[in-house]
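S.K.: Whatever this is, show me its structure:
(one chain, ligands or ions: 1)
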Amino acid sequence: MIVCICHRISDREIARHARAGMGFDDIQMELGVATQCGCCENAARDVVAQCSAAQPVAALRGIPVRCCGTQPSPASCTE
Ligand code: FES
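M.R.: Numbers count the residues shown, from 1 in each chain. Model (predicted):
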């Protein structure tokens with residue numbers, strides 16, 4: 001579903017960025033969501049809040065969490 005009509009940004013795109021650990025302000029700068037007419041801000045914030053609070057990215061997608069880029073998870077990271 002398109003959340004931001006002005007920039008044609010979908011809820012999926014916002015969710016993908018939120019699950020990657022980005023907050024609303026970062027997503028706003030990255031995608032331009034809620035930077036034109038502003039009508040989408042509440043909906044976009046809701047998507048970010050749901051994704052940020054619900055699950056971390058790694059749990060959702062099975063993506064290894066990398067804390068330093070050299071180890072597959074923080075538990076095995078020695079840096
Ligand atoms: S609908 Fe998102 S800025 Fe206009």
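S.K.: can you pull the contacts of Cys39?
M.R.: Contact partners of Cys39, counting by CB atoms under 8 Å, 6 or more residues apart in numbering, are Ile5, Cys6. For glycine as for every other residue, the C-beta is placed from the backbone atoms N, C-alpha and C.
S.K.: tell me what the lengthiest helix in the chain is packed against?
M.R.: For the chain, the helix with the greatest residue count under DSSP state H is helix 41-54. On a contact count with 3 or more CB pairs under 8 Å, 6 or more residues apart in numbering; DSSP states H and E, helix 41-54 meets strand 2-4, helix 11-19, helix 24-31.
S.K.: Glu30 against Gly23, yeah?
M.R.: No: counting by CB atoms under 8 Å, Glu30 stays clear of Gly23, with 10.6 Å between them.
S.K.: Quick check: the closest residue to His7 other than its chain neighbours vs the ligand, distance?
M.R.: Distances taken as CB to CB, 6 or more residues apart in numbering put Gly32 closest to His7, at 4.5 Å, once the chain neighbours are dropped. When distance is defined by CB to the nearest ligand atom, to the nearest Å, Gly32 is 8 Å away from the ligand.
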